[in-house]
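Peer 1: Everything below, folded, please.
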Amino acid sequence: MRIKNTLRDFLVSLTLANLIMMKVWLSILPFKAYQAFFLEHSQGVVYVATLMSTLIISVALWSIMSIATRWQKFEKGIWLCIYVTTIVFCLNGIRAGNNYSLELIYSILGMWGTVIVGLLLVVGAGYLISRYRHVFVQKYSSRVLILSPFLVFTFGQSLLALSKVEPESAFSTHAYKNLQPVERPNAIPVVWIIFDELDYRIAFGHRPKNLLLPELDKLQQTSLSASKAYSPGGVTIISIPELLTGKVLKSSTPLSANRIELIGLDGKASNFLTDETIIGDLQKRGEKTAIFGWYFPYNRLFASVDVIKSYPYELTKTIFNQLSNLIESRFTFLLSNSHHISITKSMQNDVIHFLQTFKSGFVFLHYPVPHADYIYNRNTKTYCLNLNLKEGYIDNVALTDRLLGEVRATMEQTGTWDKSLLIVSADHHWRRNTYDGVTDTFHVPLLVKLPGQKDSLSASDKFQTVNTKEIILNIIDGRINTPKELKQWMQNKSLAAD
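Peer 2: Predicted structure coming up:
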């Protein structure tokens, strides 16, 4: 009988733990093979961590239950706390699973409004359970076990997923390496920078008065700047392949850790391979190539690139990550922000190190800012946990300016700045404007500095940035030699598109 009761109690604790883990379960079930595309390691790590986290919580609950049976005076109170905790975590999991972000709730209710609503929900759940404790507390085992079949779904689905996940070998990457400096006579060094979600309106069109962007302004003074440039795609997953291939796509779908399928406007399918991108075009011309970028697993996609390193968009969840992710707190945001800070700093360190010996060739830089998470304070000029939804993006734009300044300073020190073709743009607009509520879906920044350019020139014709690849090849091949020729070429492109 004792063994039977022990097994029953453990099953009860496992059932409750399963409900507490609702937020995590809804994020990983059902199994989606394409999610591996954004991870640094196999999804098997995630599923094992989730199973272990559930077991850890269940053991903790089982221990509390064992204490409660010995302290009968406090037993009902302890069970009341267990039930309230389970309900709160379960409801929060459902909230997250339906994509009702806390940022959205904060923007509607404000910080204190959100806290008050949360407390009311906790107190309300506590009152209902206390009011009807005879339903919840008495014969708790049999009532809780009604929900135990959910264990079959979560644990069963996880075990099935573990049989489908790609092995860790599929995540092996093209190692980062130092490229010996090579200077080819008459060759034009090319640096193409994409700042993820850099908004034209905030950076140039309607810049906040308290936002200083000296490096972007300085670059604009010696560049051709387009005031009506627009991205072919509104999300990174499609816009980056469009930019690198120079083709407008109907869709872009990740399939596995190292494969993504592109569907053109003609309906033809292709894979995102080196030969189909500007990388392949330049390699055929004898150029050395380099890529540093986040979000995409560049170093799994483009094995033939000379120097390449990618910085994972998502953390591979460990047991610690899973458990901490259950608590909506400053610490939870800190984990996410810390990852964003880490990849931003790591990428910039690698980029600066590379540019110190860069003499010729092509470099593509895809930065993780000013895209959220918000990780910078423009007043103190320091990386930080920034929870200010109104000013956070603006602070990240200031960080963007700082990173550009560091790139420029390094290239000026090595003497490559004036010789280089430099392009600064964005993959898409700022999709959720929390600053003034205006969403500009039609513009992205586009600055093009030709080698030796000293004056500014503006282009006001509508121009699709998918043609950036063609700009680079025309300049490399000598078909465009001056900013005025480039402006005329862009005008012709605009007329042809109309």
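
Peer 1: For the spatially most central residue of the chain, give me its contacts.
Peer 2: The chain has residue 313 as the residue nearest its centroid, 4.3 Å off, counting by C-alpha atoms, centre = their mean. By C-beta atoms under 8 Å, 6 or more residues apart in numbering, residue 313 lies in contact with 38, 294-295. Any C-beta I mention is one placed from the backbone N, CA and C, and that applies to glycine too.

Peer 1: Using CSV, lay out the residues you listed together with distance to residue 174, secondary structure and neighbour count.
Peer 2: Below are those laid out as CSV (distance: C-beta to C-beta, whole Å; DSSP: H, G, I helix; E, B strand; the rest coil; neighbours: other C-beta atoms under 10 Å):
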residue, distance to residue 174, secondary structure, neighbour count
38, 17, helix, 16
294, 16, strand, 23
295, 17, coil, 22
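
Peer 1: got the phi/psi numbers for the nearest residue to residue 230 once chain neighbours are set aside?
Peer 2: Spatial nearest neighbour of residue 230, excluding adjacent residues (C-beta to C-beta, 6 or more residues apart in numbering): residue 442 at 5.3 Å. Main-chain dihedrals, residue 442, degrees, to the nearest 10: phi -100, psi -10.

Peer 1: before we move on, back to that, could you look up the SS state of the residue nearest to the centre of the chain?
Peer 2: coil (DSSP: H, G, I helix; E, B strand; the rest coil).

Peer 1: phi, psi of it?
Peer 2: phi -70, psi -40.

Peer 1: and the gap between it and residue 15?
Peer 2: 34 Å (C-beta to C-beta, to the nearest Å).

Peer 1: quick one, strands of the stretch 251-400 of the chain?
Peer 2: 259-264, 269-271, 289-294, 307-311, 362-367, 376-377, 382-383 (DSSP state E, counting those that start in this stretch).

Peer 1: still on that earlier bit, in JSON lines: the contacts of residue 313, plus distance to residue 467.
Peer 2: Formatted as JSON lines, the contacts of residue 313 follow (distance: C-beta to C-beta, whole Å):
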{"residue": "38", "distance to residue 467": "28"}
{"residue": "294", "distance to residue 467": "24"}
{"residue": "295", "distance to residue 467": "22"}
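
Peer 1: Run a quick neighbour tally on residue 32.
Peer 2: Number of residues near residue 32 (other C-beta atoms under 10 Å) recorded here: 12.

Peer 1: For it, grab phi and psi.
Peer 2: Per-residue torsions, residue 32: phi -120, psi 110 (degrees, to the nearest 10).

Peer 1: And it, how far from residue 370?
Peer 2: Counting by C-beta to C-beta, the gap from residue 32 to residue 370 is 28 Å.

Peer 1: Equivalent analysis for residue 65, please.
Peer 2: Taking C-beta to C-beta, one finds residue 65 at 48 Å from residue 370.

Peer 1: Name the residues of stretch 427-445 that are buried.
Peer 2: The neighbour-count check on stretch 427-445 (16 or more other C-beta atoms under 10 Å) flags 427-430, 434-435, 440, 443-445 as buried.

Peer 1: next one: stretch 227-239
Peer 2: So stretch 227-239, judged by 16+ other C-beta under 10 Å, has buried residues 227, 229-233, 236-239.

Peer 1: Give the rounded mean pLDDT of that stretch.
Peer 2: Mean pLDDT, stretch 227-239: 94.

Peer 1: begin at 34 from here
Peer 2: Understood, numbering begins at 34; the last thing we discussed is stretch 260-272.

Peer 1: Okay, now it: how far is its last residue from its first?
Peer 2: 19 Å (C-alpha to C-alpha, to the nearest Å).
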